[in-house]
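Asker: give the three-dimensional model of this entry:
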Amino acid sequence: MPTFIDSTPIIDDPSALRDRMQRDGHLFVSGLLPADELESLRLRFLAIARDAGWVQGDTPLEEAIADQDGFCVEPTPEYMDVYSRMYAVPEFHALQHHPALVGLLEKLFDGPVLPHPRLIGRTIFPKRESFTTPPHQDFIPIQGTAETYTAWFPLHDLPPTMGGLEVAAGAHRGGVYNFQPALGAGGLAITDSFEWTGGPFAQGDVLFFHSMTPHRGVPNTGEQLRLSIDARYQRVADPISPGSLLPHSQPNTWEAIYADWPDDRLQYYWREYELDVVDYDNSYHEERDRQALELGEQGDPLAVSALQRIIARDKDPDKRQRAAELIAAIEEK
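Answerer: Now for the predicted structure:
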């Protein structure tokens, strides 16, 4: 399998960075973020996770040994309740504004950058390989402009047993690929096959990729919780969809998230710009949901993640009820 090319040697050459991103659809930069800041946030998150029963209480916190009795996945209420506590940590949001991240994105965009308010944190339990994030493109949930880049980075070293993230180099030029329902984050998987590019991550390494770049998680087969962050960025002048301005921990509001923050420096920072907010195209998720309901009728467990998203986020009460009935029927089998 091809491995990541370290772009650190060209980090001060904006033209070379842009050329490589245009060619490959991704950039890997080693040691971009300070390990001590990542470690501090990791321990904050782990303390919340331990209180929720996600981490074994009789082992050192820093070892992050998962308690399988606490297993849950986004967007179930059990997961979102804990995630909302993590989401309110101000250092989590400050991290996406780190000068090392914003500075590199300014070089790529050759202009002012908007970090998306909808920052995402991921907690992946080990030994639950069926819920590994499937191949997908970020454009479907993000939209607005396709010229959006994700910065993905773990909060800790990733030995081979803990997996990581892989990308399909160059495949960002293929448009939106066909997909079907699948388990894991997003509840859908691209049906095309790709050659994957990957490699190990150390604490501080960052992978940047275009919103059209297919990417997938690597199974966490170890013993520890895997903690990572998805931060999205675009040009200030480009269109943005309304959802990118909302918290990822919905139905929480920004008011609730900011309630205990010590200051307001990063609160509502996006309101200083005259943003071009455009309508969101729901057709992609409507198609995913249609397929998921059809698979659910057949008792196919691959429909579960998409059905869970219908229950958590769809506005149609009849559709939510049907999804809940189908999950109950699948779990009884």
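
Asker: only C-alpha atoms for contact and neighbour calcs from this point on.
Answerer: Fine.

Asker: now the helices for the stretch 201-333 of the chain?
Answerer: Under the criterion DSSP state H, counting those that start in this stretch, the stretch 201-333 of the chain contains helices at 254-258, 283-297, 304-313, 317-332.

Asker: list the contacts of stretch 155-167.
Answerer: 26, 38-39, 41-42, 126, 154, 196-204, 213-222, 224, 226-229 (Cα atoms under 8 Å, 6 or more residues apart in numbering).

Asker: so where is the stretch 151-300 of the chain shaky, pLDDT-wise?
Answerer: For the stretch 151-300 of the chain, no stretch has pLDDT under 70.

Asker: re the thing from before, deepest-packed of the helices of the stretch 201-333 of the chain, please.
Answerer: Counting by mean count of other Cα atoms under 10 Å, helix 304-313 has the highest mean neighbour count of these, with a mean of 23.

Asker: residue 275 contacts residue 239, correct?
Answerer: Yes: applying Cα atoms under 8 Å, one finds residue 275 in contact with residue 239, separated by 7.0 Å.

Asker: dump the residue contacts of residue 217.
Answerer: The neighbours of residue 217, taking Cα under 8 Å, 6+ apart as the test, are 132-135, 163-166.

Asker: next one: residue 283
Answerer: Counting by Cα under 8 Å, 6+ apart, residue 283 makes contact with nothing.

Asker: go again with 10 Å.
Answerer: Shown in contact with residue 283 (Cα atoms under 10 Å, 6 or more residues apart in numbering): 140, 289.

Asker: about what we covered before: farthest-apart pair in the contacts of residue 217, please.
Answerer: 135 and 163 (14.4 Å; Cα to Cα).

Asker: show me which of those two is the more surrounded one.
Answerer: A count of neighbours by other Cα atoms under 10 Å puts residue 135 above the other of residue 135 and residue 163, at 25 against 21.

Asker: surely the more buried one and residue 178 touch.
Answerer: No: counting by Cα atoms under 10 Å, residue 178 is not a contact partner of residue 135; they are 11.0 Å apart.

Asker: give me the most central residue, the protein.
Answerer: When Cα atoms, centre = their mean is applied to the chain, the residue found nearest the centroid is residue 230 (4.3 Å).

Asker: how close does it get to residue 96?
Answerer: Between residue 230 and residue 96 the distance is 9 Å, computed by Cα to Cα, to the nearest Å.

Asker: where do the contact lists of those two overlap?
Answerer: 119, 151.

Asker: okay, strands next: where are they in the stretch 1-150 of the chain?
Answerer: Per DSSP state E, counting those that start in this stretch, the stretch 1-150 of the chain carries strands over the ranges 26-29, 113-115, 120-124, 148-154.

Asker: picking that back up, shared neighbours of residue 135 and residue 178, anything?
Answerer: Joint contacts of residue 135 and residue 178 (Cα under 10 Å, 6+ apart) are 188-192.

Asker: looking at those residues, which are in strands?
Answerer: 188-190 (DSSP state E).

Asker: quick one: which of those is most hemmed in?
Answerer: Among those, the one with the most neighbours (other Cα under 10 Å) is residue 188, at 27 neighbours.

Asker: next up, the contacts around it.
Answerer: Counted by Cα under 10 Å, 6+ apart, residue 188 has contacts 133-137, 178-182, 285, 288-289, 291-292, 302-303, 305-306.

Asker: what comes up buried for stretch 178-190?
Answerer: By neighbour count with 16 or more other Cα atoms under 10 Å, stretch 178-190 contains the buried residues 179-190.

Asker: give the closest residue to residue 229 in space, chain neighbours not counted.
Answerer: The spatially closest residue to residue 229, leaving aside those adjacent along the chain, is residue 121, at 4.5 Å (Cα to Cα, 6 or more residues apart in numbering).

Asker: ugh, wrong one, residue 321
Answerer: Closest residue to residue 321 apart from its sequence neighbours, by Cα to Cα, 6+ apart: residue 311 at 7.3 Å.

Asker: please name the residues that touch the one you found.
Answerer: When contacts are counted by Cα under 10 Å, 6+ apart, residue 311 touches 75-76, 305, 317-324, 327.

Asker: no further questions, thank you.
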